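Trainee: give me coordinates for this.
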Amino acid sequence: MAVKVLIVDDLEVVQRGLESMFERSEVRVVGAASSGAEAVRLARRHRPDVVLLDVRLGDEDGLDAIGPLRAAAPGVRVLILSAFDNPTYIARAASAGAHDYLSKTIGRTALIEAVANAARGTIPSREGALRKVSAAIANSDLPAGADVPLTPRETQVLRSLAMGLSNREIAATFGISVETVKEHVQKLLRKTALADRTQAAVWAIRRGLA
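Mentor: Numbers count the residues shown, from 1 in each chain. The predicted structure is shown next:
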């Protein structure tokens with residue numbers, strides 16, 4: 001039986017490229033969307049087995065579409081297909097219930113296999129980044145200092161970090177220097193005793209900041 005796939009990417013060239021990769025395989029593309037709202041409409045109409053979702057859809061945050069997509073097509077598996085190897089994106093994807101997080105550099109055979117396995121509900125066999133982050137989210141243990149109060153600016157930086165913004169993007173958002181952002185990140189990590197940006201993103205997600 002063919003695996004029905006919905007492609008969600010704001011670039012038409014990527015949509016067409018993925019469609020060509022699935023030709024002469026068990027994967028059948030039932031639709032392509034360039035926005036979250038369009039993806040939800042198509043998911044509700046076609047009930048795909050798998051959705052291939054990009055992290056960024058133009059000015060939209062693609063990860064925000066994971067929940068609505070899963071609600072629109074119960075049982076659907078969402079695979080993130082991204083050019084960004086960003087730990088905070090991975091943390092948010094895991095928290096929202098994505099099945100796996102794949103790089104756009106993935107080869108045709110591996111992609112078809114990943115889609116087919118997702119449709120069957122098979123847990124990704126490799127010890128990938130998303131599985132590790134999922135385990136961190138499920139783990140109830142956090143450093144003892146993780147509940148210390150943060151300053152308003154530290155909270156803003158933490159929220160931006162958890163949204164997957166780089167230090168340069170955070171600096172541009174708040175009109176501060178990249179070095180100042182780095183200082184805020186290091187300070188909030190020290191105060192909370194969190195190990196790195198990924199653990200900070202997991203903590204922010206738990207606190208409802210992302």
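Trainee: mind checking pLDDT for Ser177?
Mentor: On the pLDDT scale, Ser177 is placed at 93.
Trainee: now do the one 4 residues further on
Mentor: Taken from the predicted model, the pLDDT recorded for Val181 is 92.
Trainee: from what I can see it touches Ile170, true?
Mentor: Yes - between Val181 and Ile170 a contact is recorded at 4.8 Å, counting by CB atoms under 8 Å. For glycine as for every other residue, the C-beta is placed from the backbone atoms N, C-alpha and C.
Trainee: now the strands: where do they sit in this protein?
Mentor: Listed in chain order, the strands of the chain (DSSP state E) span 3-8, 27-33, 50-53, 56-57, 60-61, 77-82, 100-103.
Trainee: show residues contacting the first one.
Mentor: Contacts made with strand 3-8 from outside it, assessed by CB atoms under 8 Å, 6 or more residues apart in numbering, are listed as 14-15, 18-19, 22, 26-34, 36, 39, 42-43, 46-54, 57, 62, 65, 115-116, 119.
Trainee: out of the residues you listed, which end up buried?
Mentor: Buried members of the contacts of strand 3-8, counted by 16 or more other CB atoms under 10 Å: 14-15, 18, 22, 27, 29-34, 36, 39, 42-43, 48-54, 57, 62, 65, 115-116, 119.
Trainee: how far away is Arg70 from Val78?
Mentor: Using CB to CB, to the nearest Å, Arg70 is found at 7 Å from Val78.
Trainee: joint contacts of those two?
Mentor: Gly97.
Trainee: the more surrounded of those two?
Mentor: Shown here are Arg70 and Val78; by other CB atoms under 10 Å, Val78 has more neighbours (28 against 18).
Trainee: please tell me I have it right and that one contacts Pro68.
Mentor: No - look at Val78 against Pro68 with CB under 8 Å: they stay out of range, at 10.5 Å.
Trainee: which residues touch Gly121?
Mentor: Arg77.
Trainee: how much space separates it from Thr109?
Mentor: 20 Å.
Trainee: select the helix or strand of this structure having the lowest average pLDDT value.
Mentor: Lowest by mean pLDDT, DSSP states H and E among the helices and strands of the chain is helix 129-138, with a mean of 58.
Trainee: what's the domain layout of the protein?
Mentor: Listed by automatic domain parsing, the domain ranges of the chain are 3-138, 144-206.
Trainee: pick the most buried one from those.
Mentor: Neighbour counts (mean count of other CB atoms under 10 Å) averaged over each of the domains of the chain peak at domain 3-138, with a mean of 18.
Trainee: from the chain's centroid, how far away is it?
Mentor: Offset of domain 3-138 from its chain centre (CA atoms, centre = their mean, to the nearest Å): 9 Å.
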